[in-house]
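Visitor: After the sequence you'll find the predicted model.
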Amino acid sequence: MADYEVKTADISRITGVPEKTVRKILREHEDRFTCREIGRVRIYTGGAIEMVMDLAGGGAGGEPEEAATGAQRSAGGNDAGGGEDVAHETHAAHAPQPDRHLLGEMSAAIKTMQEMCATQHLQIERLKRALEEEQARTSETLQHLHDKTETLERILREQQEESRLTREWIKYFDEWTDEQSLPLLAKLRRALDTGKR
């Protein structure tokens, strides 16, 4: 019973006790019931149903004292012992009975909600694992791209250095070729000019 919550009208409908009587019981035994308030409405735990049934000894039609008095009056001239027997029979006949069908529906609804919650929990866990795996793959891909980028940058730097060395060598070779192609007189003149400097 404690797995769900009920209002005063729900307690009355399930137990068969008039709502007025239920309110009186809840008010007189307030310290025995656990509830929470939403605005001006009080919501009780499912355990309140059994407690109200235990406290409502007079049945659906009235209070315990009223039922006992009515039973004794209907006994006419019976003695005290006979009056108590009639009152007991009246109590047994009119004692509040729970709505078995409604209780069954509520129990089935609670079970369904629990199964739905369990299913949703499993789905959330699966999604969480899938997300973690995707994040791990993404991180691995990014690291691979980073490493590849560094490799390409290193290769580019090496190629640029090789190009620079190649240009210098070509320049030197061109100068040397030009030097070798000069006539002997021009070579001597250039050597003299260089010596004067």
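Guide: Perfect, thanks for sending it. Numbering: from 1, shown residues only.
Visitor: Show me the domain layout of the chain.
Guide: The chain breaks down into these domains under automatic domain parsing: 5-99, 100-197.
Visitor: Tabulate those domains in CSV, adding columns for mean pLDDT and mean neighbour count.
Guide: (Each C-beta comes from the backbone N, C-alpha and C, glycine too.) Shown next, in CSV, are the domains of the chain (pLDDT from 0 to 100; neighbours: other CB atoms under 10 Å):
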stretch, mean pLDDT, mean neighbour count
domain 5-99, 69, 16
domain 100-197, 82, 10
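Visitor: Centre of the chain to stretch 159-168, how far?
Guide: With CA atoms, centre = their mean, to the nearest Å as the basis, stretch 159-168 stands 63 Å off its chain's centre.
Visitor: May I have it exported as CSV, CA atoms only?
Guide: Extracted C-alpha coordinates of stretch 159-168, given in CSV (Å, rounded to 0.1, in the frame of the first residue of the first chain):
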residue,chain,number,x,y,z
GLN,A,159,61.2,19.2,-48.4
GLN,A,160,61.6,23.0,-48.0
GLU,A,161,65.1,22.5,-46.6
GLU,A,162,66.0,20.2,-49.5
SER,A,163,64.7,22.8,-52.0
ARG,A,164,66.8,25.5,-50.4
LEU,A,165,69.9,23.4,-50.6
THR,A,166,69.1,22.5,-54.2
ARG,A,167,68.8,26.1,-55.2
GLU,A,168,72.1,27.0,-53.6
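Visitor: Which single helix of the protein contains the most residues?
Guide: Across the chain, the longest stretch assigned as helix under DSSP state H is helix 100-181.
Visitor: tell me what that helix is packed against?
Guide: helix 8-15 (3 or more CB pairs under 8 Å, 6 or more residues apart in numbering; DSSP states H and E).
Visitor: which residues are contacting the helix it packs on?
Guide: Here helix 8-15 makes contact (CB atoms under 8 Å, 6 or more residues apart in numbering) with 6, 17-19, 21-23, 26, 42, 44, 48-49, 52-53, 56, 96-99, 102-103.
Visitor: how near is the residue most central in space within the chain to Val41?
Guide: Centroid check for the chain by CA atoms, centre = their mean gives His121 as the closest residue, at 7.5 Å. Distance of His121 to Val41, given as CB to CB, to the nearest Å: 30 Å.
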